[in-house]
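>>> My questions are about this predicted structure, shown below with the sequence.
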Amino acid sequence: MKKTFLVLLIFIPFVGSAQSLRFSLLADPQFSWMIPDTKTISSQGAVFGINAGLGMDYYFAENYAFSTGLSINNIGGKLQYADTIQIPVGVKNITIPSGNTITYRLQYINIPLGLKFKTNEIGYVTYVANLGITPMINIRDRATDVSASLDNDNIADAIMLFNMNYFINLGVQYSLGGSTALTGGVGYSSGFVDVTSQAVDKINIKTFSIKLGILF
């Protein structure tokens, strides 16, 4: 993945001029939930969070662009464990009784890498599709359970440092004049890397978001 990003950075300056760069500010409300691959763990609902940051599009043709950016993504989910489990918190392990639900709230640095397709402007509106993958670096991990064994505790040792998902975003751009536009739409992402460090299961995070921003 580092090699892919490096190739893009090297390739971009030779394709066209700085006129092809478009920047955006984004703040996306979203719901995320966790999907386990074992019957002893069940998903118990979604948590609300915000993905906020900066986007960059490099247009190599009139209606086609490489898209990337940098954002802080707040995601998580609720899981119920049928069996007693041990959660590492600092230098000790916390025992979570069987049947308890743990609420995970995780924070990542997102570096999306995608392709963006747009229509020609129709009136003041342009329709946009964006799809690709997002490497993610974990920077914060908190968990709470219903028995209060965990109370917004740092569970960094129970969460993998790196994650990755694929995403599909559909939306519109409403021109405000010149190169400035309001952006809106919907997005879906699904992880394909295990979120937790437990070897006995694989847990992915899925997200549905409302895409809001301003394009410059």
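It's in.

>>> Could I get the average pLDDT for the helix or strand where Lys78 lies?
Using DSSP states H and E, Lys78 sits in strand 64-81. Averaged across strand 64-81, the pLDDT comes to 97.

>>> With only the CA atoms kept, save it in PDB.
What follows is strand 64-81 as a C-alpha-only set of coordinates in PDB (Å, rounded to 0.1, in the frame of the first residue of the first chain):
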ATOM      1  CA  TYR A  64     -12.100  11.400 -14.000                       C
ATOM      2  CA  ALA A  65      -9.800  11.900 -10.900                       C
ATOM      3  CA  PHE A  66      -7.600  10.100  -8.500                       C
ATOM      4  CA  SER A  67      -9.000  10.900  -5.000                       C
ATOM      5  CA  THR A  68      -7.200  10.800  -1.700                       C
ATOM      6  CA  GLY A  69      -7.100  12.800   1.500                       C
ATOM      7  CA  LEU A  70      -6.600  12.700   5.300                       C
ATOM      8  CA  SER A  71      -9.300  12.400   8.000                       C
ATOM      9  CA  ILE A  72     -10.000  11.500  11.500                       C
ATOM     10  CA  ASN A  73     -12.600   8.700  11.600                       C
ATOM     11  CA  ASN A  74     -14.600   7.800  14.700                       C
ATOM     12  CA  ILE A  75     -16.200   4.400  14.300                       C
ATOM     13  CA  GLY A  76     -17.100   1.300  16.400                       C
ATOM     14  CA  GLY A  77     -19.900  -1.000  17.300                       C
ATOM     15  CA  LYS A  78     -21.600  -3.200  20.000                       C
ATOM     16  CA  LEU A  79     -20.800  -6.800  20.400                       C
ATOM     17  CA  GLN A  80     -22.300  -9.400  22.800                       C
ATOM     18  CA  TYR A  81     -20.100 -12.300  23.900                       C
END
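
>>> If you count neighbours, what's buried in that strand?
Within strand 64-81, the residues that qualify as buried are 65-69, 71, 73-81, counting by 16 or more other CB atoms under 10 Å. No exception for glycine: its C-beta is placed from N, CA and C like everyone else's.

>>> What are the boundaries of the strands in the protein?
Here the chain has its strands, by DSSP state E, at 21-36, 41-43, 47-61, 64-81, 85-89, 92-96, 101-110, 113-118, 125-145, 151-154, 162-177, 180-191, 203-215.

>>> Show me the one of those strands that comes nearest Ser197.
The stretch from those with the least distance to Ser197 (CB to CB) is strand 85-89; that distance is 8.5 Å.

>>> What residues sit buried inside the closest one?
Ile85, Ile87, Pro88, Val89.

>>> In TSV, list the residues you listed along with pLDDT and distance to Asp37.
Below are the buried residues of strand 85-89 laid out as TSV (pLDDT from 0 to 100; distance: CB to CB, whole Å):
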residue	pLDDT	distance to Asp37
Ile85	89	16
Ile87	91	19
Pro88	90	21
Val89	91	24
